[in-house]
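Novice: sequence? don't have it. structure:
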């Protein structure tokens, strides 16, 4: 100990008001850990079977220490996950579907995934550096997330509804789909389940082939789909299709977008249509409130959104397509831009 050091004035160490902002963020981490402990201890499953239950019964069944159990249960109640009445605890009625392991919407696996070594949220600093953080293991890369929890599921379903309604209005029903699917086959699966007569060639990155086949098999579509390794720059070598869908597939080839659009447009039969579904950055790559969703998109795609929304329709026309236009598809991560175009019929000028 340095006896010559000036004595510490404890009153001068009172935290500044700005510390509250950090405390709120740290409390969010503590809430995350309370939720994780609820899953890991089996508490939610046990209460689903045996609740309402008193603390003593919960402690005996789960092995959670009684000395700390009251605060833990109160924290879960404060978060809206549990409900209490007369000293007994139950699951919050509206949250059973996301807390109980037998439910397809249980979020336990999602919580654990946030802590596993991988690119993205588990080590955001590493992800944001040039090294990018550790790659997923081959086993993890081969397995898709639980389908009900897949980050692209809701958007794939909304897109299928949007395209089906568009086709009904236009009096067209495609039979052969070429889908460049960055959602592990979910966009193709949603469309095939919406249209029973639709068959699909699904093109994904080589690392995604196994998990895409697993998704399509689980959806009962193995007989109506074929999975190919490739990209919009490398579509299947032959054949034409009634419709081409680019579902968040252009980000890895964004520097060659013109060539990718030309290659995919060449796979359209005369009169066939195309839809490109992607996120775009704001003008001059500016940002707006909602930065966590921007980071979600970065982690999902390991890429920057596409740039120059105002130029994309012209790029489709440069690829020989006509009747271009676009609309917004609202989603969990903001608006996805849907660009539409079609290949001219035989004898029609582009």
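Specialist: Looks like it came in fine. Here the structure is a predicted model, which means the values were calculated and not measured. Residues are numbered from 1 along each chain as shown.
Novice: outside of the helix or strand harbouring residue 58, which residues touch it?
Specialist: Assigned by DSSP states H and E, residue 58 belongs to helix 55-62. Applying C-beta atoms under 8 Å, 6 or more residues apart in numbering, the contact partners of helix 55-62 are 41-43, 46-47, 50, 53, 64-66, 69-70, 73, 87, 89. Backbone N, C-alpha and C define where each C-beta goes, glycine included.
Novice: now, the residues you listed that are in helices?
Specialist: If you go by DSSP state H, the contacts of helix 55-62 have 43, 46-47, 50, 66, 69-70, 73 in helices.
Novice: farthest pair within the residues you listed?
Specialist: 50 and 70 (18.4 Å; C-beta to C-beta).
Novice: got the buried residues for stretch 243-251?
Specialist: Buried positions in stretch 243-251, judged by neighbour count with 16 or more other C-beta atoms under 10 Å: 243-251.
Novice: same check on stretch 103-119?
Specialist: Those would be 106-108, 111, 113, 118-119, for stretch 103-119 by 16+ other C-beta under 10 Å.
Novice: how about residue 338, phi and psi?
Specialist: phi -100, psi 120 (degrees, to the nearest 10).
Novice: that one bridge partners, please.
Specialist: Assessed by DSSP bridges, residue 338 has beta-bridge partners residue 277, residue 327.
Novice: in this structure it contacts residue 326, no?
Specialist: Yes: assessed by C-beta atoms under 8 Å, residue 338 is found in contact with residue 326 at 5.9 Å.
Novice: could you pull out the strands in the protein for me?
Specialist: Listed in chain order, the strands of the chain (DSSP state E) span 53-54, 82-85, 88-91, 176-181, 199-204, 225-229, 241-247, 268-278, 322-329, 336-342.
Novice: so where's the stretch 151-300 of the chain uncertain?
Specialist: 237, 284 (pLDDT under 70).
Novice: how deep is residue 308 tucked in, by neighbour count?
Specialist: Close neighbours of residue 308, defined as other C-beta atoms under 10 Å, add up to 12.
Novice: excluding residues flanking it in the chain, which one is nearest it?
Specialist: residue 280 (7.9 Å; C-beta to C-beta, 6 or more residues apart in numbering).
Novice: residues contacting the one you found?
Specialist: Taking C-beta under 8 Å, 6+ apart as the criterion, residue 280 is in contact with 305-309, 312, 337.
Novice: thinking again about what came up before, mean confidence for the helix holding residue 58?
Specialist: If you average the pLDDT over helix 55-62, you get 94.
Novice: roughly how far is it from the heart of the chain?
Specialist: 37 Å (C-alpha atoms, centre = their mean, to the nearest Å).
Novice: out of the contacts of residue 280, which is most surrounded?
Specialist: In terms of neighbours by other C-beta under 10 Å, these top out with residue 312 at 22 neighbours.
Novice: wait, doesn't it sit right on residue 339?
Specialist: Yes: using C-beta under 8 Å, residue 312 is in contact with residue 339, at 5.6 Å.
Novice: mind listing the shared neighbours of the two?
Specialist: By C-beta under 8 Å, 6+ apart, the residues touching both residue 312 and residue 339 are 276, 326.
Novice: and the residue nearest the centre of the protein?
Specialist: residue 151 (2.2 Å; C-alpha atoms, centre = their mean).
Novice: surely that residue touches residue 300?
Specialist: Yes: Residue 151 is in contact with residue 300 according to C-beta under 8 Å; the separation is 5.8 Å.
Novice: show the buried residues in the ones in helices among the contacts of helix 55-62.
Specialist: Those of those that meet the buried threshold are 43, 47, 69, 73, by 16+ other C-beta under 10 Å.
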